[in-house]
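Okay, predicted coordinates and the sequence, questions at the end:
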Amino acid sequence: MTLSVAIEMAGVAVFAVSGALAAGRKSLDLLGVVVIAMVTATGGGTLRDLMLDRTVFWIARPEFIIVTGIAALLTIPYVRFARPPERFLMVADALGLALFSVAGARIALGTGQGALIAVVMGTITGAFGGVLRDVLCNEIPMILRKGHIYATASIAGCSLLVILLGLGVSGGVAAAAGMATVAVMRFGSIAFNLTLPVFNLPGPKDPEA
């Protein structure tokens, strides 16, 4: 198993957990939990592979589907009998974002893409599954919530990965640094409510003012 596959396998498992938690909060049935978990875990990687004209990763390696199902099914008893802490979903999502972003960027580089495309593909891989999860659960996607550091963290981690690889740093060290960057930025946003500046367009002036 290559490093990229191992990272993506871990990302699939963590994102499946976040999908199952989101489905549990909406009181979905067993099938609903598994579907949301599957969509969350595979959505970003599927879009990435279609855009890169690759065989979709879970078709090429069906064990990804097995890992997703196991992670979702193991989460169900916990969701059913114990209410997770309010921020537990965000923590699971942050871990999935870190793992998937770096895996996506590495895969794009492995197909011969340049640094910019690698960063874009890493961000898509990390963020798109969560977007699908939130849309299906009738929530505002985290990537669109006002001021949240989400895609920014993915961009920063993928950019660091690309820079370190360009400087000749080993793949394992570069991947670890990239994942740590994404995770630290996302956890910092969650723990300290860090946000990006918000752009507000002033409304029309009151002609009577």
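Structure's in. What do you need? Residues are numbered from 1 along each chain as shown.

going forward, measure contacts between C-alpha atoms and count neighbours the same way
OK.

residue ranges for the helices of the chain, please.
3-25, 30-51, 57-60, 63-81, 88-110, 115-136, 151-166, 171-192 (DSSP state H).

would you list those in CSV and tack on mean neighbour count and mean pLDDT?
CSV is the format used below for these (neighbours: other C-alpha atoms under 10 Å; pLDDT from 0 to 100):
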stretch, mean neighbour count, mean pLDDT
helix 3-25, 25, 88
helix 30-51, 23, 94
helix 57-60, 14, 95
helix 63-81, 18, 87
helix 88-110, 26, 91
helix 115-136, 24, 95
helix 151-166, 23, 96
helix 171-192, 20, 92
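
any idea how far M38 lies from F15?
9 Å (C-alpha to C-alpha, to the nearest Å).

The helices of the chain into CSV, with extra columns for distance to R145?
Compiled in CSV, these are given as follows (distance: least, C-alpha to C-alpha, whole Å):
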stretch, distance to R145
helix 3-25, 16
helix 30-51, 18
helix 57-60, 29
helix 63-81, 25
helix 88-110, 13
helix 115-136, 11
helix 151-166, 11
helix 171-192, 12
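
Is T68 in contact with M38, as I believe?
Yes - counting by C-alpha atoms under 8 Å, T68 does reach M38; the two are 6.2 Å apart.

Mutual contacts of the two, please.
A16 (C-alpha atoms under 8 Å, 6 or more residues apart in numbering).

related to what we said a few turns ago, could you point out which of the helices of the chain sits nearest I143?
helix 151-166 (6.2 Å; C-alpha to C-alpha).

Contacts for that closest one next, please.
97-98, 101-102, 105, 115, 118-120, 122-123, 126-127, 143, 171, 174-175, 177-183, 185-186.

same thing with stretch 107-119?
For stretch 107-119, using C-alpha under 8 Å, 6+ apart, the contacting residues are S4, L52, G104, A105, R106, M121, G122, I155, C158, S159, V162.

Same check on stretch 38-58?
Stretch 38-58 has contacts (C-alpha under 8 Å, 6+ apart) with 11-16, 18-19, 64-65, 68-69, 100, 104, 108, 121, 124-130, 132-133.

Out of the helices of the chain, flag the one nearest P202.
Checking the helices of the chain against P202 by C-alpha to C-alpha gives helix 151-166 as the closest, at 25.1 Å.

by how many degrees do the closest one and helix 171-192 diverge?
In terms of direction (axes from the mean of the first three to the mean of the last three C-alpha atoms, to 10 degrees), helix 151-166 departs from helix 171-192 by 160 degrees.

how much does helix 151-166 deviate in direction from helix 88-110?
Orientation check (the same axes, to 10 degrees): helix 151-166 against helix 88-110 gives 40 degrees.
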